[in-house]
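Chemist: Okay, predicted coordinates and the sequence, questions at the end:
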Amino acid sequence: MKKPKITAHIMKEESGYSVVATVRNNFIASQADTYEELKTNFLEAVNLTFQGTFEYEAQEIIYEMDIASFFDSFPYLNVSAVADRIGINKSLLAQYANGTKKPAPKQAQRILIGIQQLGNELASVRFS
């Protein structure tokens with residue numbers, strides 16, 4: 001039996017985060033105060049669900065989140081600087097980041113591509 005792929009959806013709550021996924025008719029959910037704690041708790045829930053069948057490692061789980069949850073999870077990212085880098089209006093990205101507006105799918109994809117390009121550039125940095 002092939003190990004199923006897991007895509008989990010993270011949501012920012014009033015206090016902390018929650019995450020849900022449905023895998024082979026199993027509803028798996030968890031919650032935590034921090035993003036890192038959430039991933040740890042969810043991995044434990046997944047492994048309890050598939051105990052005796054499959055064992056998952058953290059990197060095998062794909063996490064998806066909305067833009068507000070993203071910026072909340074990575075508070076060291078400056079929304080204004082990211083908007084400049086991506087080439088979108090600063091106040092509009094700030095509204096997406098605080099959850100007062102939701103981007104259209106095309107706009108969300110544009111933001112995602114910009115964030116991923118930034119991540120790739122940072123990952124290629126080497127210090128002498």
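Modeler: Sure thing, it's come through. Just so it is clear, the structure is predicted and the values come from calculations on it, not from any experiment.
Chemist: In the protein, what helix or strand scores lowest on average pLDDT?
Modeler: helix 67-73 (a mean of 88; mean pLDDT, DSSP states H and E).
Chemist: Which neighbouring elements make contact with that helix?
Modeler: If you count contacts as 3 or more Cβ pairs under 8 Å, 6 or more residues apart in numbering; DSSP states H and E, helix 67-73 packs onto strand 6-12, helix 90-98, helix 105-123. Every C-beta, even on glycine, is put in place using the N, C-alpha and C of the backbone.
Chemist: Next, count neighbours for residue 69.
Modeler: Residues lying near residue 69 (other Cβ atoms under 10 Å) number 22.
Chemist: With the one 4 residues further on instead?
Modeler: By the measure other Cβ under 10 Å, the count of residues near residue 73 is 17.
Chemist: do you know how far residue 43 is from residue 90?
Modeler: 36 Å (Cβ to Cβ, to the nearest Å).
Chemist: residues in contact with residue 86?
Modeler: 93, 110, 111, 114, 115 (Cβ atoms under 8 Å, 6 or more residues apart in numbering).
Chemist: can you redo the helices and strands packed on helix 67-73 as CSV with distance to residue 57, mean neighbour count and mean pLDDT?
Modeler: Formatted as CSV, the helices and strands packed on helix 67-73 follow (distance: least, Cβ to Cβ, whole Å; neighbours: other Cβ atoms under 10 Å; pLDDT from 0 to 100):
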stretch, distance to residue 57, mean neighbour count, mean pLDDT
strand 6-12, 11, 18, 93
helix 90-98, 31, 17, 94
helix 105-123, 20, 12, 94
